[in-house]
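J.: Pasted the sequence and its predicted model underneath.
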Amino acid sequence: MPHSRIAIYPGSFDPITNGHLDIIQRSLRIFDRVIVAVARNSQKNALFTIDERVALIRSVLKDEERVSVDTFTGLLIDYVAAQKAHVVIRGLRAISDFEYEFQIAQMNSTIGHEIETLFMMTSVQYGYLSSSIVREVCSLGANVDSFVPPEVKAAMVTKYTQNKQ
């Protein structure tokens, strides 16, 4: 039986956007399984807790049986190895993303020689989209329907409404 082609798509996903979902769907054309790995990064000032992010991602991807959602702490390459995967997927929006991601990929390659990084360009309609921009726009009361799935929008609106009270 051939081995399964598993890819890890890591990130903070605070929140998951339509751009992230586009990368996941396109990755499923290449890989048998994609693990969305939510990083536990205490240095970021997150809107959603790690558990809320995982729940939102699972809700949005509930019908996609080849996607699982997990969390990790520590070195990404250690997590990738523990999952018996060999590929890390990274979405790129612009040249500025590439410079940072290239450094990370080179470091990962140096430490974990068997780990490959696949850079995937975002689809044109999501080239400007980032979680931080979506958070800012939503916090100012603007409509985010075209940026995130409905359940993510609802969770964001609830969060910002609670934070104003």
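T.: Arrived safely, thanks for sending. Numbers count the residues shown, from 1 in each chain.
J.: looking at this structure, which helix or strand does the model trust least?
T.: Confidence across the helices and strands of the chain bottoms out at helix 95-111, with a mean of 72, counting by mean pLDDT, DSSP states H and E.
J.: Going by residue numbers, what spans are strands in this structure?
T.: Under the criterion DSSP state E, the chain contains strands at 6-11, 33-39, 67-72, 87-92, 116-121.
J.: Next, format those as JSON lines and append distance to Ile57.
T.: Just so you know, the C-beta spots here come from the backbone N, C-alpha and C atoms, and that holds for glycine as well. Conversion of those to JSON lines gives the following (distance: least, Cβ to Cβ, whole Å):
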{"stretch": "strand 6-11", "distance to Ile57": "10"}
{"stretch": "strand 33-39", "distance to Ile57": "6"}
{"stretch": "strand 67-72", "distance to Ile57": "5"}
{"stretch": "strand 87-92", "distance to Ile57": "15"}
{"stretch": "strand 116-121", "distance to Ile57": "18"}
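J.: Please tabulate those strands in JSON lines and include distance to Asp22 and mean neighbour count as additional columns.
T.: Listed next are these as JSON lines, based on distance: least, Cβ to Cβ, whole Å; neighbours: other Cβ atoms under 10 Å:
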{"stretch": "strand 6-11", "distance to Asp22": "11", "mean neighbour count": "21"}
{"stretch": "strand 33-39", "distance to Asp22": "13", "mean neighbour count": "22"}
{"stretch": "strand 67-72", "distance to Asp22": "13", "mean neighbour count": "18"}
{"stretch": "strand 87-92", "distance to Asp22": "8", "mean neighbour count": "21"}
{"stretch": "strand 116-121", "distance to Asp22": "9", "mean neighbour count": "15"}
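J.: got TSV for those, with mean pLDDT too?
T.: As requested, these are arranged in TSV below (pLDDT from 0 to 100):
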stretch	mean pLDDT
strand 6-11	96
strand 33-39	97
strand 67-72	98
strand 87-92	91
strand 116-121	89
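J.: which one of these lies closest to Ser132?
T.: Ser132 lies closest to strand 6-11 among the strands of the chain, at 12.1 Å (Cβ to Cβ).
J.: Now do the closest one: which elements does it pack against?
T.: Here strand 6-11 touches helix 18-27, strand 33-39, helix 76-82, strand 87-92, going by 3 or more Cβ pairs under 8 Å, 6 or more residues apart in numbering; DSSP states H and E.
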